[in-house]
Every structure is written in C-alpha cells, then in structure tokens.
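Peer 1: Need coordinates for the below:
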Amino acid sequence: MQGKRKKLIILLVIAGIFLLGVLALCHFFTITEVEIEGNDRYSEEEIKEMVMNHKYDYNSLYFWWRIKNEEIKDIPFIDTVEVSILSRNKVKIKVYEKDIVGYVRHLGYNLYFDKEGIVVESSSQQIEGIPRIKGIVFDNVELYKKLPVEEEDVFKKILSLTKLLAKYEIAPDSINFSKNLSVTLSFEDANVLLGKDIEDDEKIVKLKQLLPDLEGMKGTLHLENYNEDMKNITFKKDQ
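Peer 2: Numbers count the residues shown, from 1 in each chain. Okay, here's the model as predicted:
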C-alpha cells in the first residue's frame, strides 16, 4: 500500500510540475503586440478579429502552429495568411489578398474576378475602389472558374484600363462595355465615353483634368476621339 501511495504521490507531483510548466509557458508566450502587413481592404483590427479567433490564439507558439497547419477559409478577399514570431510576445500576420480587377452582378451577388477573368469571390459585400463591370454577357458562372464571356479580349482591356485609372487615382462607379468593346465610364450622373482605344495615357490624363467640372452635371463627355491636338471637347447634356 505504501508503495502505491508513493507512486501516486510521485505521479501527482510530476503532473503538478507539468501543469505549472504549461501555465508558465502559456504566460511566457502571451501575445501583447501584433504587426499586420499586406492589408489594403481590411483594417488591422478587422484582420486580428478574423484571423485570431481561436480560444488559445493569445499564445504566440500555438497561434503560429495553428496558422501554419490550418488552411484559412471563409475570409472574403483573403487568399492566404502567414504568421511569424518576432519575439515571445510579438507576432506578425502577413496577409495575401486576392488579386481583383473588377466585379459583375449576378443573381443578387457581386462576383469578383482577377485579371484572367477567374471568379475568386462571390459576396454581397461591395469593395471600395473595385469597379463594377457592365455590358459583358455570360452565364453558368462558377466560383474559381473563368467567366464564360464571348469576347475574352475584354479581360485584357479591363486590366489595362483599371491599371491606368488606379495610376491617376480615378474611381468610376462602373465601367461599361458595348458589343464592340467600346468603353464608357460612369460617375454618378455623368458618363465619359472613351471608345475602343483605351491603352494610352492621353485620354485618362485629360479625364483627370476634367473630372472636377463634371460634378453635378448630367450627360456624356466625349473623349472617344480625343488627342493632344484637340482644342474642343464635347459634353452632351441629358435631355
């Protein structure tokens, strides 16, 4: 009996030491500072709320291990997340956002697609700075597959145009394509007709200059035939 008691006491002491060690380890590696990198569409607080959502994520070792071994899912517009331990109390969360150039509306949802035309997200959320694309015809849409459009060149045009617009900090409400891929930009009540030639800076630079004058106006600004030698630019008011 005494031998059994001694063994039990020894086991309890070992268990107690182990428990104290675990508690000390947890306390020693408690996260007090988080560095966020790569986030454009979400604030730092939003990233922390979405990523650090498990019971023991306050511990830097556990948090690093979980993110390394668990695929991040159900965070809109986020592709992958990496965590690195900077010190026992500080971690860095590096976010890789999905590459999105535009979205289309379909059955009440916004379908966001990348430069190849692949639908990377379906959401009711609208992202500021991502233009809505109108005028392209498609059906049988599937997530993570290419939008089945008749004119695949449209994606090259969208990529070129969105890069130019971002360069000059121009954010239209929508980019509208006609059947012959002529482009019209919409800004509240005013439209800007760019035509088919949209791959040079001239029109976009001129649009940047004229945008302040379009505020509160209803009609269409005609830049489809614009060049640097043109003196008169037509704005046709809505009737």
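Peer 1: how about residue 164, what does it touch?
Peer 2: With contact set as C-beta atoms under 8 Å, 6 or more residues apart in numbering, residue 164 has these partners: 198, 199, 201, 204. Yep, even glycine has a C-beta here, placed from its N, CA and C like the rest.
Peer 1: Weed out the non-buried ones from these.
Peer 2: The neighbour count (16 or more other C-beta atoms under 10 Å) marks 198, 204 as buried among the contacts of residue 164.
Peer 1: want to throw the contacts of residue 164 into CSV with pLDDT?
Peer 2: What follows is these, written out as CSV (pLDDT from 0 to 100):
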residue, pLDDT
198, 77
199, 71
201, 81
204, 89
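Peer 1: Quick check: of the contacts of residue 164, which lies closest to residue 100?
Peer 2: Nearest to residue 100 among these is residue 198, at 19.4 Å by C-beta to C-beta.
Peer 1: follow-up on the earlier one: columns secondary structure on top of the contacts of residue 164, output as JSON lines?
Peer 2: JSON lines is the format used below for the contacts of residue 164 (DSSP: H, G, I helix; E, B strand; the rest coil):
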{"residue": "198", "secondary structure": "coil"}
{"residue": "199", "secondary structure": "coil"}
{"residue": "201", "secondary structure": "helix"}
{"residue": "204", "secondary structure": "helix"}
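Peer 1: now the contacts of residue 164 as TSV including distance to residue 134?
Peer 2: Conversion of those to TSV gives the following (distance: C-beta to C-beta, whole Å):
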residue	distance to residue 134
198	15
199	20
201	24
204	19
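Peer 1: In contact with the residue nearest to the spatial centre of the chain: list those residues for me.
Peer 2: Taking C-alpha atoms, centre = their mean, the centroid of the chain lies closest to residue 77, which sits 4.5 Å from it. Shown in contact with residue 77 (C-beta under 8 Å, 6+ apart): 41, 42, 97, 98, 100, 112, 121, 123, 127.
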